[in-house]
Structures are given as C-alpha cells and as structure tokens.
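Student: next input, structure requested:
(3 chains)
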Amino acid sequence: MEARFEGVRFAYGDHPVLDVPELRFAEGRVTALLGPNGSGKSPLLRLLAGLERPAAGRVLVGGNPAPAARDSVAYAFQEAVFLSGTLRANLDLALRLRGLSPSARRSRLDEAATACGVAHLLDRPANRLSGGEAQRANLARALSLRAPLTLLDEPLAGFDERGRGQMLAELPALLRRFAGTTVLVTHDRDEALRLAEDLVLLREGRLRAAGPRREVFAAPPDPETAAFLGYTLVPTDAGLAGVAPGGLRPGPGDFTLSLHVEQVVDLVACVEVAGRSGGRRIAVEFPSDHPLPAPGEQVTVSAPTGMVVTFTKPAPEPVDRPSRASVA
Amino acid sequence: MEAIWDGLVEAFRLIFRGDGELFSIAGRSLLVSGSATALAMLVGVPLGYLLGRARFPARTLILAAVGTGMGMPPVVAGLVIWLLLVRSGPFGGFELIYTKQAMIIAQFLIATPLVIAFTAASIQALPARLPDLLTVLGAGRLRTLWLLAREARLGLLAAVMAGFGAVVSEVGASMAVGGNLVGDTRVLTTAIVTETSRADTERAIAYGLVLLAMAFAIVAVLTVVQQRSPR
Amino acid sequence: MPLARRLLVLFAVCALALTAACGGSDDEPGTIILATTTSTYDSGLLDELVPRFEERTGVTVKVIAVGTGAALRMAGEGNADVVLVHAPEAEAPYVASGDLVGGRLVMTNDFVVVGPPDDPAAAASAPDLPAALTAIAAGGRFVSRGDDSGTHKRELALWATAGIDPAGLSREETGQGMGATLTIASERRAYTLTDRATYLALRDVLDLAVVVEGDARLLNVYHAYLVNPDRHDGVAAKQAEAFVAFLLEPATQGLIGRFRVEEFGRSLFTPAVESPVGGG
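Tutor: Numbering: from 1, shown residues only, chains lettered A, B, ... in the order given. You can find the predicted model right below:
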C-alpha cells in the first residue's frame, strides 16, 4: 500500500519535530528511515500509523488520510510491549482485533511464530521473555497481521550482538514473506543498507535525501549528510569534498591529497592509517601487504572521481534549503 | 470483662436469630456504601486514567488535591454536603437532605479521591506504550479502555476495596447528611453510635461484628480474585 | 467524545436507578424534619410517638437528634419544619425574630443531679440545690455535656445561681449526648446534670445515683415550635402543624404520661395537661 506525506508539519507543543513538504513510500518497497537520534524518524512513523495528527498538511495511506483502516497497518514499536498473559494470547489478541476467524487466527499465529523463531515460547508469559525473545515476538505479532503497510521501529534494538546478526540475515526474507510496503526506522547505516531498498534521510526533522538507496548514497546533498552516510570529508580549495566509504587508497589518483600520519592501527585484515589533512581527521585503509607509513610522515592518498562528491560552498544552512524529494 | 462477654453472646444471638433490624441496617449499609463506591468507580476510574496517562500543566496540582481529598476526614465531607443539601443551602430544593441519596453523595465524595488515586497509580504502572499498542492493533476506544482496565485490574480492585472500606466504616458524614433515621438512613456505623449512647451494648457489638464481617467478606472476595489472576 | 457521552449516560442511568431504589419523596403526604435534642431522642419516647403519627397521616417524620442549640439553629435557618426543645432562654430569640412560631408546651420532666452512689462530695445532704452544687464544686468531679444543649445551658444557669464560676472547677466537658455523658460520669465517678428520662432509661448500666432532685430550678420544659413558613421556603407547614396538634392530643398526652411507667415504676415525662406550668 502506498503512503505519502503532503506538506506535513508536526510539533510536540511549541517544539517543531517534522517538516516534510513531500514524501512518498512506494507500493511494495522496503524503505529505511535513517537519521541520528532525535531527527524525527519515530514521529514520522507515528504519523503514518495515525497515532499522531499533523499540525498541517496530509498523511495519506492508500490514498486516504491516516489513520488508515485498522487492518491495513501493522506496527512494531521499538520496545516490545505486551499485555499480561501468554505470548499466544498476545498474538491471538492482535489477530482477533482484526476480526479473523479462530481457525485463520491459529494458522496465521503459528506461521508467524515459527517464521520468527518464537513458536517454542508461545505458552510463556509474554512479559517474561528476554530482550531478544521479546523483540522477535514483537516482530511476529506485527508480521502475523500481513498488513499492506508494515511499520517497524528499530527492529534490531534489544538483540545482543549475535542475535542481531541472525535477525539481520533473516529479516529481509521475513519481510518479503509477510510484509507488503514496509517502513522501518533505524539509526544505523549498515542496517539500512542491508534491509532497505529505498532510503529516507532525516536530520532535525527535515528530509535531507530520499530515493533508491544507491542514488541517495551516491549523492549526499550536504557535508553533514555525507558524514552520516560514512563519507570522509576532505577540505579542498573550493570548500569541502566527500569521499565515499572505502574510496580512499594509498598512492596518487584522480583526487589526491596529502595526509600527515598520526596513528597506524593494525586490524589484521587491513591497516588503518589515520592522520590529518587541512585540519580534518581522515582514516584510510591500507592493504596489509602495502608498505606502511610511520606516525609523523606525510603520505599521499587518493580516490577515484566516481567516489568523490564536492560541496562547493561551506555547509548551507539547512533552514534555507527547501527539501524536496521523492522515493523511486 | 463480663460486659464484653455478655455483649458478645447477645450479639451472636442477635445475628443468628436473624434479627430483622440488624439485617435491614446491614443491608442498608451495603446498599448505600456499595452505590457510593460504584459511582465513585464510574467517575474516579476515568479521571484516574486521565491523571495517570495524560501530561498537562495542572496535573500535579490536581494530584495534590486528590491526595488532600484522600486525607479529608469524612465528617468534613459530611459537613460540606450538609451545607449544600440542607433546605437553606444552594441545593435545598432537591429535598435530598436526610435521605440515602444524600449519604451516597457524601460517601461518593469520600470514596472518589481514593479511587482516583489508586487508579492513577495503577495506570501509571502500566507500560507507557500500551494504549498506543492497542490503538495500532485496531482496538477501538472502548475496547482499549477495557483492555487497559483488565491490565490494571489489580490496582482497580485495590481502588474498590479502599473506596468501599472507607465509606462503609465512616460515621461522621452518614450521621450529618443521613440523620440516622430509623428504618431509613440508619446504617451500621450510625446505629453503633446510637446504641452506644443508649447503652445497648449488645446491639452495638452485634452491629460492629456485622460491619467487620461485611468488610472482611468483601475485601476477602476481592483479594482472592486479585491473587488468582495471573500476571 | 462519544466515550464521554456514553459514560455520562451510564452515570445518569445509575443515578436514576439509585433514586428509584431508594424511593423518591412522594409529594402528597409529605415529609417533615423534626429537629430535637439528643436527650429527647435517647429516651426512646419519639420512637413510640412518631410511628403512630406516620401511620395515621402518611407523613414521614425525619427525627434529627442534635443538641438544643443546633436544633434551634437548624430550625431558625429553615432547615427543619418542627422543633422540640427544652431550653426556654435559648428559644426566646428565635421566637422574637419570628423564625419560630406557634410554640406549645408539650411536656415536662425534671433534671436531676446524679453522682457516685457513695456521694463523695456529700452533696445529697446539702440543704438546697446551690449548697449541693457548692459541695460538688468543693469535693467532687463534674462532667458537663459541653455541647450547647438544653441540659448544658441549664447546667451553666445553675452554676450561676450558686455563684460559682464553672471555669474554676474540676469539670470536664464531653461534647457528647446525654447517654454518652452519663456513661462517662459513671466511669469517672463524677457528678453530672441529667434529665430524669435519660437517666432512668440507662440507670441499669450506670453506677450513678440521684443526688439532688425536686428543686423548682430543675424543672425541664419541652416546647414544640413550628418553623415560620412565611420566613423560610420549603417548610411543610401543614404537616408540621398536624404533628404539633398530634403531640397535644389527649391520646398522645396519655401515651407520654404512661411512657415506660411499667419499666421504671414512675413516669419519665409529665404531659402538658398535668404539668405544673400549665398547658400553653
């Protein structure tokens, strides 16, 4: 189900939270809302779910103003919240509130619980599950609804390192199987790239970029966004340039700069050479078989043109810049 | 010592003989205090819910007022209601003074702050996201309230117990606004006062025993329900 | 807010149901509020008289038993229909102001001074009432109602006739009704002033004996008054008049005279028709 924002402004009291002139979530796509903490990702999700009403503008879900018909949206909060009772009772309640028949509920419930790896927990009290179990159960509840629009707020929060890795691997297939259009919130670039087809970048309540992840990733609109995406910012004569992650290599090339080495860290697979150029701290990965500089030396590094973005002026004021973007 | 023993014996005799007056007075206590508690729940639970959930500037002030209300001596509530309902008072025209309704109103005033406070506390103890969750799952307003109430049932039962316990055992307000009228507004507590002042110790003891038994029975039932419910 | 409206409706329905359950006030026969003193009430006389009146007329009588001061104030402010009290000095201002009208003498009885049976202050052997009070002041403890009741007012007046300032005495105020005060006096082995009716009714459970009686200054006079319907709204004047008339009927007066005679071997109240101060 398609969803769109039209001229939406939203505030908590006097404190403006979101200002989104235009944004579209295309049918059937998985979109990651990416941004630092406090950038307005969760409020955007809550607006989509109809839990908040915009102060101005419209949030349309399937062509109608949010809140959409209840069975069209599934939402998993960041914190897994359950009612008292077993996990089965909790999952069943969600399906019952959608008006499903007992047999349909049973099959949906078992299917989602099994797929999310919580089938063995169904008869445990939901409020006594561990962090990772609860998060999987939370996901199972949302996915069991098979809603046309599925909203996931930080679906990988609450897992330990190993569980997070597993979930990161399983989630794309789960989403394909159970979810239609999906919007997920994350503050982690890596998660966004692994899970989503489209990216929406938010900063301070404003859209910085939106579109297919490759496009968004290739053309950060400003240095802050570039830095958030993992770009290395490098001073140039004209202003600033951003080099995409992994773009810097030892030796001369299309875009060359000289680095004053301060630190050399052996990461076994590679060696990280960190230093300064034009007052900015820069880290470059050297292949472990490459001759290594010593701290205090000058070393030349470079990036191919295709991985460099230049920002002609110093960072423009975000406020002056109308953010207009459309995904896919 | 002998007086106490005789009193107890006679009191039990009254109870087991099925003394009509005793049972009609006990029934009246139950009716008046039960109604007052029910009304207090009806009003206090939604208000307590709002105070427990919503954040607004006057909230702290209201919570403080509720706390003060909890500590208000029943006789003060009685005085206020008396002044309002008495014939020369602003609501004298309703002719409610010295009726069971007046007692219910006064006891309602006593029980409501308790109910509000207990409800607010139990709602506050629920996960903050629970109402949002239910909304998102598609529960309507009433369904959401019902499910939240079920979730907070232990606190709500505590509210019933506190409210009923407070009003069924209070004398001052019932005496002031009910007038302790025989066969009409005489309840267990005011009857105890009367029988004590008439030195009919046996009856006073019998009424006291019934009052205790009633409070115990109701609190016991609610406690059993409370303890049985799975968490 | 559909929810709020639904709750409101629910509330209204419950309130209505309650009103129905408790029985609304019927307009025709009516209800009157009789403000009276605790001593009158505690004797049990009104329990005997009121049901007869109610049965005959269908009028409900709400007997509110408070101190004389409170009863008079209630009536004076129009919060009652009839008042039955026994403190002529306190009644006078309300009669003068026109708040209370149609005053009638209903009955009399007498106050007695009671105290521990062994009479530690030797008040019983005093030649007259002031001397007895002086003896108590010198050698005994005294418990006072202290509740602005007719008995309390009378007690203060008696101290005045004896020329004693009660403030300087070993005297305690209970602030409670006659029954409670008698019990306290009995427990504390103290003297107190009581109406004879309450004393006789509770005599068996008290360790108190009559120390002084029969003095003219101990006469206890009960008057009934109507609350002036011209000065106060909502007064059920007709029913109130009927109640006072009922109290004065020969049959009722007879009942008053015979009230608990068998139990105590003497009458607690003297009906107005036989009273030394004469019917009024």
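Student: any buried residues in the helix or strand hosting B:M161, and which?
Tutor: Under the criterion of DSSP states H and E, B:M161 resides in helix B:153-168. Across helix B:153-168, burial judged by 16 or more other Cβ atoms under 10 Å in any protein chain shown covers B:154-168. All C-beta atoms are positioned from the backbone trio N, CA, C, and that covers glycine.
Student: pull the longest helix from chain B.
Tutor: With secondary structure taken from DSSP state H, chain B has its longest helix at helix B:20-53.
Student: does chain C sit close to that helix?
Tutor: Yes: judged by Cβ under 8 Å from any Cβ of the partner chain, helix B:20-53 comes into contact with chain C through B:31, B:35, B:38-39, B:42-43, B:46.
Student: which one of the residues you listed sits closest to A:T186?
Tutor: Among the residues of helix B:20-53 next to chain C, B:P46 lies closest to A:T186 (Cβ to Cβ), at 38.4 Å.
Student: returning to what we had before: what about the residues of helix B:20-53 next to chain C, which one has the most neighbours?
Tutor: In terms of neighbours by other Cβ atoms under 10 Å in any protein chain shown, these top out with B:S35 at 24 neighbours.
Student: run through who's touching the helix holding B:M161.
Tutor: Outside helix B:153-168, the residues that touch it by Cβ atoms under 8 Å, 6 or more residues apart in numbering or on different chains are B:29-30, B:32-34, B:36-37, B:40-41, B:44-45, B:48, B:74, B:107, B:110-112, B:114-115, B:118-119, B:121-123, B:125, B:149, B:188-189, B:211, B:214-215, B:218-219, B:222-223, B:225-226, B:229.
Student: just the CA atoms of it, as PDB, please.
Tutor: Output in PDB follows, covering the C-alpha atoms of helix B:153-168 (Å, rounded to 0.1, in the frame of the first residue of the first chain):
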ATOM      1  CA  ARG B 153      -7.300  -4.800  37.400                       C
ATOM      2  CA  LEU B 154      -5.200  -5.400  40.500                       C
ATOM      3  CA  GLY B 155      -5.000  -1.600  41.000                       C
ATOM      4  CA  LEU B 156      -8.600  -1.200  40.200                       C
ATOM      5  CA  LEU B 157      -9.600  -3.900  42.700                       C
ATOM      6  CA  ALA B 158      -7.500  -2.100  45.300                       C
ATOM      7  CA  ALA B 159      -9.400   1.000  44.400                       C
ATOM      8  CA  VAL B 160     -12.700  -0.700  45.100                       C
ATOM      9  CA  MET B 161     -11.500  -2.100  48.300                       C
ATOM     10  CA  ALA B 162     -10.100   1.200  49.500                       C
ATOM     11  CA  GLY B 163     -13.200   3.100  48.500                       C
ATOM     12  CA  PHE B 164     -15.700   0.700  49.900                       C
ATOM     13  CA  GLY B 165     -13.700   0.200  53.100                       C
ATOM     14  CA  ALA B 166     -13.500   3.900  53.700                       C
ATOM     15  CA  VAL B 167     -17.200   4.600  53.200                       C
ATOM     16  CA  VAL B 168     -18.700   1.600  54.900                       C
END
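Student: buried subset of the contacts of helix B:153-168, written for ChimeraX?
Tutor: Here is the ChimeraX selection string for the buried members of those, based on 16+ other Cβ under 10 Å:
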select /B:29,30,32,33,34,36,37,40,41,44,45,48,74,107,110,111,112,114,115,118,119,121,122,123,149,188,189,211,214,215,218,219,222,226
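Student: buried residues, the next helix or strand after the longest helix of chain B. List them.
Tutor: Next in sequence after helix B:20-53, counting helices and strands by DSSP H and E, comes helix B:59-71. By 16+ other Cβ under 10 Å, the buried positions in helix B:59-71 come out as B:63, B:66, B:69-70.
Student: how does chain A divide into domains?
Tutor: A:3-218, A:230-311 (automatic domain parsing).
Student: among the ones you listed, which is nearest C:D47?
Tutor: Among those, domain A:3-218 comes nearest to C:D47, with 54.9 Å by Cβ to Cβ.
Student: still on that earlier bit, the longest helix of chain B vs chain A: in contact?
Tutor: No: Helix B:20-53 is not in contact with chain A by Cβ under 8 Å from any Cβ; minimum separation 14.0 Å.
Student: sorry, back to before: average model confidence for the helix or strand following the helix holding B:M161?
Tutor: Sequence-wise, the next helix or strand downstream of helix B:153-168 (DSSP H and E) is helix B:172-178. Computed over helix B:172-178, the mean pLDDT rounds to 91.
Student: how about low-confidence regions in chain B?
Tutor: Counting by pLDDT under 70, chain B has low-confidence residues at B:1, B:229-231.
Student: for it, which residue gets nearest to chain A?
Tutor: Here the residue of chain B nearest chain A is B:G138; by Cβ to the nearest Cβ that distance is 3.4 Å.
Student: find the nearest non-adjacent residue to that residue, please.
Tutor: Of all residues not flanking B:G138 in the chain, A:R70 sits nearest, at 3.4 Å (Cβ to Cβ, 6 or more residues apart in numbering or on different chains).
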